[in-house]
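A.B. asks: Next come a sequence and a model predicted from it.
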Amino acid sequence: MKRIFSGIQPTGSLHIGNYLGAMVNFLALQETREAIYCVVDYHALTIRPDPDRLRDRVRHVGLGYLAAGIDPEKAILFRQSDVPEHAELAWILGCFTQIGELSKMTQFKDKARQHKENVNAGLFTYPVLQAADILLYKAEEVPVGEDQAQHLELSRDIARRFNNHYGPTFPEPATLLSQAPRVLGLDGEQKMSKSKNNEIGILDPPEVIQQKLRIAKTDEARQRRTDPGEPTRCNVFTWHTFFTPDAEREELAKGCREAGIGCVDCKKVLFERMNAVLAPIRERHEELKAKGWEYVDQVLLEGGRKARAIAGETMKEVREKVGLLPEPGGGA
Ligand code: TYM
């Protein structure tokens, strides 16, 4: 069975961009692959979050995974920092990564622009840690949104370079994109993102979703209800692609083009369809929350134990290949 790996940062609440871009694939793949999913708290340190808040966010994202339908009986779900081998392998792989390559990463350039006052080395080497996450488990496929494709390309380059130097060790991990690799936000322009304040949370209460949809950008050409619109230019219509069955969507497109329906009508249908997908997630979230944090903590802990067993095997091999002792303190 192929092994896959993916991760989510504990920097905010999960939104429908995360859900459609990555989690939909996480859910499908836990049925057919050996799936390993992670809450990447080492990565979150680049922005120096408040310590208590970070611990809290990790639990919330863990709970979010479970509410969305990740089943700990089928997939390993764990906290990155429970497996310190991630940081160890990142150091080694950093010696196989060129500064020039890291300088080209668009996510680094964006973040460096956003946080001019704190362009730290962690932000710069972030993609190396991401490569370590994946290669530590010798994952063959990585389900992600399009914004992570460049990081994955680098992961493949690093794997290839390591293999060329020390002999076959890591598979070159393939990128698995979903049907919605780049979900735009409420502004209809930028990628939906925790940091851009343009998101619909997967746990947002129905009235909040309704409110957000009310302000969501539609086709600019439709200033008045009587102006005909063009669904292919409308971000709200794009969202219908993921939530609304084909026949109903065709009807809406026709209505929009003929000005038979207004944007308000179209958004109303979207709300109902979206809510039908999100309501069970909210319900599961409430159920799991009622069990107390112990449940989430237990799942993450148990997942961490399983992950660490795999990571330990890889590190033994890697340490030996690069000329360290196979285990700290000897172990030969
Ligand atoms: P993060 O936490 O920003 O996002 C988690 C996943 O959601 C996808 N995503 C989107 N997909 C489509 N449209 C959007 N608007 C959208 N916003 C987010 C992301 O592509 C991602 O798949 N660096 C990663 C976390 C990471 C990782 C890894 C991923 C760390 N190590 C190893 C894969 C493998 C990140 O910041 O994702």
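C.D. replies: On my side now, so go ahead.
A.B. asks: buried ones in stretch 179-190?
C.D. replies: 180-186, 188 (16 or more other CB atoms under 10 Å). In this view, the C-beta of every residue, glycine as well, is placed from N, C-alpha and C.
A.B. asks: Alpha carbons of the helix or strand where Ala112 lies, as CSV, please.
C.D. replies: According to DSSP states H and E, Ala112 maps onto helix 106-114. Below are the C-alpha coordinates for helix 106-114, written out as CSV (Å, rounded to 0.1, in the frame of the first residue of the first chain):
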residue,chain,number,x,y,z
THR,A,106,7.4,32.3,-3.5
GLN,A,107,5.9,31.6,-0.1
PHE,A,108,9.2,32.8,1.5
LYS,A,109,9.2,35.9,-0.6
ASP,A,110,5.5,36.6,0.3
LYS,A,111,6.1,36.0,4.0
ALA,A,112,9.3,38.1,4.1
ARG,A,113,7.3,40.9,2.6
GLN,A,114,4.5,40.5,5.1
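A.B. asks: Would you mind listing the buried residues in that helix?
C.D. replies: So helix 106-114, judged by 16+ other CB under 10 Å, has buried residues 108, 111-112.
A.B. asks: got the CA coordinates for stretch 202-215 in CSV?
C.D. replies: Below are the C-alpha coordinates for stretch 202-215, written out as CSV (Å, rounded to 0.1, in the frame of the first residue of the first chain):
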residue,chain,number,x,y,z
ILE,A,202,-15.5,24.9,8.2
LEU,A,203,-16.8,25.4,11.7
ASP,A,204,-18.5,28.8,11.1
PRO,A,205,-22.1,28.8,12.4
PRO,A,206,-24.7,29.0,9.7
GLU,A,207,-25.6,32.6,10.4
VAL,A,208,-21.9,33.6,10.0
ILE,A,209,-21.7,31.8,6.7
GLN,A,210,-24.8,33.5,5.5
GLN,A,211,-23.4,36.9,6.5
LYS,A,212,-20.1,36.2,4.8
LEU,A,213,-21.7,35.0,1.6
ARG,A,214,-23.7,38.2,1.5
ILE,A,215,-20.5,40.2,1.0
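A.B. asks: Next, the buried residues of that stretch.
C.D. replies: Buried-residue list, stretch 202-215, by 16+ other CB under 10 Å: 202-204, 209, 212-213.
A.B. asks: And stretch 49-61, by the same measure?
C.D. replies: 49, 54, 57-61.
A.B. asks: wait, which of those residues is closest to Met23?
C.D. replies: Set against Met23, the nearest of the buried residues of stretch 49-61 by CB to CB is Val61 (11.1 Å).
A.B. asks: and that closest one, what is it in contact with?
C.D. replies: Taking CB atoms under 8 Å, 6 or more residues apart in numbering, we find Val61 in contact with 8-10, 14, 39.
A.B. asks: For the ligand, give me its nearest residue in the stretch 201-332 of the chain.
C.D. replies: The ligand sits closest to Phe242 of the stretch 201-332 of the chain, with a gap of 10.7 Å, by CB to the nearest ligand atom.
A.B. asks: Would you confirm that that residue contacts Leu20?
C.D. replies: Yes: assessed by CB atoms under 8 Å, Phe242 is found in contact with Leu20 at 5.3 Å.
A.B. asks: The ligand contacts on the stretch 1-150 of the chain?
C.D. replies: Applying CB under 6 Å from any ligand atom, one finds that the stretch 1-150 of the chain approaches the ligand through 5-9, 17-18, 21-22, 40, 43, 130, 133-134, 142, 144-145, 147-148.
A.B. asks: and if we set it to 8 Å?
C.D. replies: Residues of the stretch 1-150 of the chain lying close to the ligand (CB under 8 Å from any ligand atom) are 5-9, 11, 15, 17-18, 20-23, 38, 40, 43, 80, 107, 126-127, 129-130, 133-134, 139, 142-148.
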